[in-house]
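> Structure for this input, please:
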Amino acid sequence: MNRICLGIMAGLLLGGGILPPNPPLLPEKDVRVLANELSGELAKRNLEVIATAHRQRGSRGFHAAAEFVTERLRAYGLSDLEILQFPADGKIFYGTQRSRPPWDAEVGELSELRHVGLPPKDRRVPAEREQPIRLCDYASEPVVLAEDSESADVASPRVIDVEDAFIGRE
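Numbers count the residues shown, from 1 in each chain. Below you'll find the predicted structure:
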């Protein structure tokens, strides 16, 4: 019985019943060469570098990411590379789209004033009993800063949790 099962399995494997078919776009030898060259670990490391740059259009971070990609492509053997740059000032049109000026962020932080030693609902809190608690900042996580946001130093007397507002629990 075991020999019959092994024979059936071998027949399926060798006959192509279970093994995937050859790749349709490339010859098998090319696929083998690529499989030996491609590295998920290297791709992850490259992506980690690119992801750390704040890549808003026309920004220093966008240009740094483009330079990094160009450098890596040169290291992989490509030579005829060029980074194209287009002026963008909010007045020039490209097709039907008005260019938007470059946007570089430098710093951003969101803090919440929390009451120390008093219930949070108590509105008569002396200023010295409030302590700023940083919720997020641009330096450690650039994606928290809204694109095209303006510089501001704002204090709001009340913050509404958006989830609560949508659900109607405000």
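
> what about the strands in the protein?
Ranges of strands in the chain, per DSSP state E, are 93-94, 97-98, 109-115, 130-137.

> Tell me which of those strands sits nearest to E150.
strand 109-115 (14.6 Å; Cβ to Cβ). (C-beta placed from N, C-alpha, C; glycine too.)

> Pull up the pairing partners for the closest one, direction included.
If you go by DSSP bridges, strand 109-115 pairs up with strand 130-137 (antiparallel).

> And the strand it pairs with, what's buried?
By neighbour count with 16 or more other Cβ atoms under 10 Å, strand 130-137 contains no buried residues.

> hmm, who's touching it?
V107, G108, E109, L110, S111, E112, L113, R114, H115, V116, V144 (Cβ atoms under 8 Å, 6 or more residues apart in numbering).

> Export these as TSV, with columns for distance to L25 and pLDDT.
Shown next, in TSV, are those (distance: Cβ to Cβ, whole Å; pLDDT from 0 to 100):
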residue	distance to L25	pLDDT
V107	48	84
G108	45	85
E109	49	87
L110	48	85
S111	53	85
E112	54	81
L113	59	76
R114	58	74
H115	63	69
V116	64	67
V144	41	81
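
> which one of those has the most neighbours?
G108 (17 neighbours; other Cβ atoms under 10 Å).

> Which parts of the chain are helices?
2-15, 28-37, 40-51, 60-75, 162-167 (DSSP state H).

> rank these by mean pLDDT and give me the bottom one.
Of all the helices of the chain, helix 2-15 carries the lowest average pLDDT, namely a mean of 55.
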